[in-house]
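1. after the sequence you'll find the predicted model.
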Amino acid sequence: MIRFQDRGIVKHKKIKTITNLFFQTKIYGLTLQNVSVFLHVKTIN
């Protein structure tokens, strides 16, 4: 019983880590897009 609960907690932690990584990469990607767009606009002007 305890072992089963531990496995559930580990699985939950893994999912949490994956979601955190996903959001971090998403935010990082958006930041990169904004920077590249900003640089692009700056070079045109």
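-> Thanks, I have the structure now. Numbering: from 1, shown residues only.

2. where in this structure is pLDDT low?
-> Residue ranges of the chain with pLDDT under 70: 1-4, 45.

3. now the helices for this protein?
-> Taking DSSP state H, the helices of the chain run over residues 2-44.

4. residues near residue 38, how many?
-> Residue 38 has 10 neighbours, counted by other Cβ atoms under 10 Å. In short, each C-beta sits where N, CA and C put it, glycine included.

5. with residue 41 instead?
-> Neighbours of residue 41 (other Cβ under 10 Å): 9.

6. next one: the one 3 residues further on
-> One way to gauge burial is a neighbour count; for residue 44, by other Cβ under 10 Å, it gives 6.

7. and what of residue 35?
-> Residue 35: 10 surrounding residues under other Cβ under 10 Å.

8. quickly note the distance from it to residue 44.
-> Noted for residue 35: a distance of 15 Å to residue 44, by Cβ to Cβ, to the nearest Å.

9. and what of residue 13?
-> To residue 44, residue 13 is 47 Å away according to Cβ to Cβ.

10. what's around residue 26, how many residues?
-> 10.

11. for stretch 20-32, C-alpha coordinates in PDB please.
-> Provided in PDB are the C-alpha atoms of stretch 20-32 (Å, rounded to 0.1, in the frame of the first residue of the first chain):
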ATOM      1  CA  ASN A  20       7.400  23.000 -15.500                       C
ATOM      2  CA  LEU A  21      10.000  22.300 -18.200                       C
ATOM      3  CA  PHE A  22       7.300  22.800 -20.900                       C
ATOM      4  CA  PHE A  23       6.200  26.100 -19.500                       C
ATOM      5  CA  GLN A  24       9.900  27.200 -19.100                       C
ATOM      6  CA  THR A  25      10.700  26.400 -22.700                       C
ATOM      7  CA  LYS A  26       7.400  28.000 -23.900                       C
ATOM      8  CA  ILE A  27       8.300  31.200 -22.000                       C
ATOM      9  CA  TYR A  28      11.900  31.000 -23.200                       C
ATOM     10  CA  GLY A  29      10.700  30.500 -26.800                       C
ATOM     11  CA  LEU A  30       8.400  33.500 -26.600                       C
ATOM     12  CA  THR A  31      11.200  35.600 -25.200                       C
ATOM     13  CA  LEU A  32      13.500  34.500 -28.100                       C
END
